[in-house]
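Engineer: What follows is a protein structure lacking sequence information:
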């Protein structure tokens, strides 16, 4: 067991003062995956999450994955290099609270170090606030990429909750 620090961050529409510049490297694009094919989400969750001890969904059945991606309030955006998927983010609109949760953001190991995570977070913010929610929120932890927290904070996210939990790695 290890002690893991978790950080819950938010950005409110009133805090998003200007449009943030999104610049992808050549031959990269970010597209919405409308297929609702759970195999993509499952693959990316496993591949990206391996280095960061993402475990929660590893026990999900295919039916649970299908139900997850069938949620019409969930969007899966993928970053591609030419025709290859190299990363993604998932975000879910919660209509009862008029807020958007940024669920997962990740880049495959061989494409890290190209600032793609930063670009994905910027894209997620732009996409979220085009729907005028009260806020967008995300959580990260000390097991995630070493720049994850800094990435969110540099885009205007503010910590609203911290906690330490015991985690079995």
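Structural biologist: Yep, that arrived. Remember, it's a predicted structure, so these values are computed and weren't measured experimentally. Numbering: from 1, shown residues only.

Engineer: contacts for stretch 61-77?
Structural biologist: 30-33, 36-42, 57, 60, 88-95, 103, 120, 123-124, 127 (C-beta atoms under 8 Å, 6 or more residues apart in numbering). To be clear about C-beta, it is placed using only N, CA and C from the backbone, and glycine gets the same treatment.

Engineer: Out of these, list just those in helices.
Structural biologist: 38, 39, 40, 41, 42, 120, 123, 124, 127 (DSSP state H).

Engineer: For residue 138, list each beta-bridge partner.
Structural biologist: Bridge pairing for residue 138 (DSSP bridges) gives the partners residue 9, residue 102.

Engineer: which ones are touching it?
Structural biologist: Taking C-beta under 8 Å, 6+ apart as the test, what residue 138 contacts is 8, 9, 10, 101, 102, 103, 105, 152, 157.

Engineer: Near the fourth one, how many other residues are there?
Structural biologist: By other C-beta atoms under 10 Å, the residues close to residue 101 number 20.

Engineer: pLDDT at it, what is it?
Structural biologist: Looking at residue 101, its pLDDT is 98.

Engineer: The closest residue in space to it that isn't next to it in sequence: how many residues sit nearby?
Structural biologist: In space, and not counting its chain neighbours, residue 101 is closest to residue 92: 5.0 Å by C-beta to C-beta, 6 or more residues apart in numbering. Applying other C-beta under 10 Å, we find 15 residues neighbouring residue 92.

Engineer: Only the buried subset of the contacts of residue 138, as a ChimeraX command please.
Structural biologist: Buried residues among those (16 or more other C-beta atoms under 10 Å), as a ChimeraX selection:
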select :9,10,101,102,103,105,152,157
